[in-house]
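J.: quick check, what structure comes out for this input:
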Amino acid sequence: QLRLVESGGGLGQPGGSLRLSCAGSGLTLDNYAIGWFRQAPGREREAVSCISSGGGNTNYADSVKGRFTVSRDNAKNTVYLQMDSLKPEDTAVYYCAARPGAQCYSDYVYFRVYDYWGQGTQVTVSS
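T.: Residues are numbered from 1 along each chain as shown. Model prediction:
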């Protein structure tokens, strides 16, 4: 079964850090650009970041730019989202998604361009 598995969520302190991981299961991630999304209670799912298959191209939502960093280790078949300077408004379920092809175009914000989704991991930022 081809799927993505997120991990690393939990409780973070305001101003603190968490690192999320997205691993491919039966799916070789170096063939895909990977997007990160989040959905807070009562809100629509929104795009957070995207990274190209080789890691050389990234995009970030304005709300996380300068605080979050996306990276990948294709040897480990894993993509990471390093979240620093956490804010309470970062509280959400975070999802990763795989998009066929290499690049992370500006349309990375649209759900329809992704073929595979993970089950999500909860991030709660609170003191």
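J.: residue closest to the middle of this protein?
T.: W36 (2.6 Å; Cα atoms, centre = their mean).
J.: let me see the contact set for that residue.
T.: By Cβ atoms under 8 Å, 6 or more residues apart in numbering, the contact list for W36 reads L20, C22, A47, V48, S49, C50, V70, L81, Y94, Y95, C96, A97. Where you see a C-beta, it was placed from the backbone N, CA and C, and this is true even at glycine.
J.: run through who's touching stretch 71-89.
T.: So stretch 71-89 is contacted by 12-24, 27-30, 34, 36, 40, 48-49, 51, 53-55, 63-64, 67-70, 90, 94, 96, 123, 125-126 (Cβ under 8 Å, 6+ apart).
J.: residues near the closest residue to S52 other than its chain neighbours, how many?
T.: Closest residue to S52 apart from its sequence neighbours, by Cβ to Cβ, 6 or more residues apart in numbering: C104 at 4.5 Å. The local packing of C104 (other Cβ atoms under 10 Å) involves 22 other residues.
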